[in-house]
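[1] I would like the atomic coordinates for the input below:
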Amino acid sequence: MADGSAPISAAERLQAARDKALSTPLARFHVGDPDLFLTDTHWPWFERLRAEDPVHFCADSEFGPYWSVTRFEDIMAVDTNHAVYSSDAALGGITIRDARPDLRRPSFIAMDPPRHDAQRKAVSPIVAPHNLARLEPIIRERAAAILDSLPVGETFDWVDRVSIELTTQMLATLFDFPFEQRRRLTRWSDVATSIPMSGGLVETEEARQAELMECLAFFTGLWNERVNREPGSDLISMMAHSDATRNMTPDEYLGNIILLIVGGNDTTRNSLTGGLLFLNQNPDQYDLLRADPSVIPNMVPEIIRYQTPLAHMRRTATADTELGGKTIRKGDKVVMWYVSGNRDAAAIEDPDLFRIDRERPRQHLSFGFGIHRCVGNRLAEMQLRIVWEEILKRWTAVEVVGEPRRVRSSFVKGYESLPVLIAG
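    Numbering: from 1, shown residues only. As a prediction, the model looks like this:
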């Protein structure tokens with residue numbers, strides 16, 4: 001540092017956050033602050049809310065007023081009651097940040113029944129058991145090729161070389177997207193979930209919208225090709241030939257494309273990175289994995305719980321209601337903090353421990369619950385399982401050699417980079 005003092009460690013940073021969380025009045029809590037996630041210091045804030053005010057009202061933030069739901073049981077109550085807690089894009093959608101009214105694009109995750117059910121059904125065959133069986137050898141071949149291309153004995157970025165590359169190749173396959181242009185999918189995913197800011201991924205909302213219009217134009221070209229062919233097994237063809245989706249408006253089509261890109265990208269991409277980070281932070285668990293690779297299928301959902309790739313989902317109350325002893329008014333914004341519910345000791349034993357042989361590893365909220373439960377959850381788990389099977393065939397350890405750089409977002413809980421080294 002410029003003054004000659006040592007840089008603050010992650011442990012010191014977290015302790016400072018704990019001290020601040022304990023000294024800040026609950027009325028001033030704003031757990032949706034993206035900087036808390038950028039610095040990985042959100043944990044003590046949620047810990048205090050779970051203990052003292054599990055259904056908490058933030059009266060003022062850059063996202064407007066909102067309720068925070070932080071305990072597992074209360075999150076389940078909201079997530080499974082779509083009649084009272086709406087996902088409708090017209091009411092604000094699924095994230096803490098409201099889109100401008102003229103930019104609220106519907107997608108099936110931002111719809112209520114019956115439109116949600118019909119549109120979700122149009123694309124669900126992509127993850128049917130027979131299709132997953134078809135995809136497994138493709139994923140394994142690609143994972144092997146990616147891992148075999150990695151340098152041994154020199155530092156490289158795991159996020160770029162492995163996490164992004166594998167998930168982007170998978171997305172290109174699911175969309176039957178031009179393979180040589182697949183990194184455009186990564187860019188559009190990142191732009192769609194970014195917060196415009198000076199020096200950020202995009203600096204203005206206008207710049208963000210311009211890139212999303214490029215995405216729409218590209219995918220409209222693919223739609224026009226597929227709609228006049230026999231139905232195929234890719235996502236675009238499925239939508240083009242389904243009664244529920246063939247007459248979508250351009251905004252609705254873009255909304256569903258962005259949903260499928262982000263959904264197919266973020267869960268797997270950030271869990272691939274998080275899993276490696278957690279094993280390095282918990283060497284006893286890495287030893288357990290090396291000693292018994294058969295634990296991988298159990299480890300995968302534990303990684304997804306511990307990472308929680310999407311920190312929250314938002315709903316809007318359609319009527320006055322009560323939750324956790326609090327009165328929520330019609331029109332209020334209600335944020336389900338999955339990242340907090342996944343650390344709720346009332347629902348998960350020793351939730352702050354990363355334990356790859358956990359007895360009930362699928363007891364987590366990362367995929368959501370109810371009608372909006374992640375449609376691609378089994379595909380995400382399969383990709384993670386295959387990658388770890390292939391890693392263990394090659395090396396005894398991939399070592400994290402520096403701090404991760406995290407995404408500045410309270411929605412996508414992810415990583416921009418992670419320096420690693422394969423010793424050989």
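[2] can you tell me the helix or strand for residue 316?
    Assigned by DSSP states H and E, residue 316 belongs to strand 312-317.
[3] now swap in residue 399 and tell me
    Going by DSSP H and E, residue 399 is in strand 398-400.
[4] returning to that earlier point: can you give the strand pairings for the next helix-or-strand element following the strand holding residue 316, parallel or anti for each?
    Beyond strand 312-317 on the C-terminal side, the first helix or strand identified by DSSP H and E is strand 321-323. Using DSSP bridges, the strands paired with strand 321-323 are strand 326-328 (antiparallel).
[5] which other residues reach the next helix or strand after the strand it pairs with?
    Downstream of strand 326-328, the next assigned helix or strand under DSSP H and E is strand 333-337. With contact meaning C-beta atoms under 8 Å, 6 or more residues apart in numbering, strand 333-337 is reached by 31-32, 46, 63-70, 75, 78-79, 85, 92, 96, 98, 311-317, 323, 328, 365. Bear in mind the C-beta positions are built from the backbone N, C-alpha and C, glycine included.
[6] now could you export just the CA positions of strand 333-337 as PDB?
    Only the C-alpha atoms of strand 333-337 are listed here, as PDB (Å, rounded to 0.1, in the frame of the first residue of the first chain):
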ATOM      1  CA  LYS A 333     -40.800  -5.300  -3.100                       C
ATOM      2  CA  VAL A 334     -40.000  -8.600  -1.300                       C
ATOM      3  CA  VAL A 335     -36.400 -10.000  -1.700                       C
ATOM      4  CA  MET A 336     -35.700 -13.600  -0.900                       C
ATOM      5  CA  TRP A 337     -32.100 -13.800   0.100                       C
END
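[7] packing partners for the lowest-mean-pLDDT helix or strand in the chain?
    Sorting the helices and strands of the chain by mean pLDDT, DSSP states H and E puts helix 115-123 at the bottom, at a mean of 76. On a contact count with 3 or more C-beta pairs under 8 Å, 6 or more residues apart in numbering; DSSP states H and E, helix 115-123 meets helix 235-240, helix 250-281.
[8] Include mean neighbour count, distance to residue 158 and mean pLDDT when you put those into a markdown table, please.
    Converted to a markdown table, the helices and strands packed on helix 115-123 look like this (neighbours: other C-beta atoms under 10 Å; distance: least, C-beta to C-beta, whole Å; pLDDT from 0 to 100):
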| stretch | mean neighbour count | distance to residue 158 | mean pLDDT |
| --- | --- | --- | --- |
| helix 235-240 | 22 | 27 | 89 |
| helix 250-281 | 23 | 6 | 89 |
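[9] quick one, which of the ones you listed is nearest to residue 56?
    Closest to residue 56 of these is helix 250-281 (C-beta to C-beta; 25.6 Å).
[10] next one: the closest one to chain centre, how far?
    5 Å (C-alpha atoms, centre = their mean, to the nearest Å).
[11] okay, the angle between the next helix or strand after that helix and helix 250-281?
    For helix 250-281, the following helix or strand on the C-terminal side (DSSP H and E) is helix 283-291. Helix 283-291 and helix 250-281 meet at an angle of 100 degrees, taking axes from the mean of the first three to the mean of the last three C-alpha atoms, to 10 degrees as the criterion.
[12] neighbouring contacts of helix 283-291?
    Contacts of helix 283-291 (C-beta under 8 Å, 6+ apart): 278-280, 295-296, 299, 354-357, 388, 392, 396-397.
[13] With respect to residue 165, which of the residues you listed is nearest?
    For the contacts of helix 283-291, the nearest to residue 165 is residue 388 (16.0 Å; C-beta to C-beta).
[14] Would you confirm that the closest one contacts residue 299?
    Yes. Counting by C-beta atoms under 8 Å, residue 388 does reach residue 299; the two are 7.0 Å apart.
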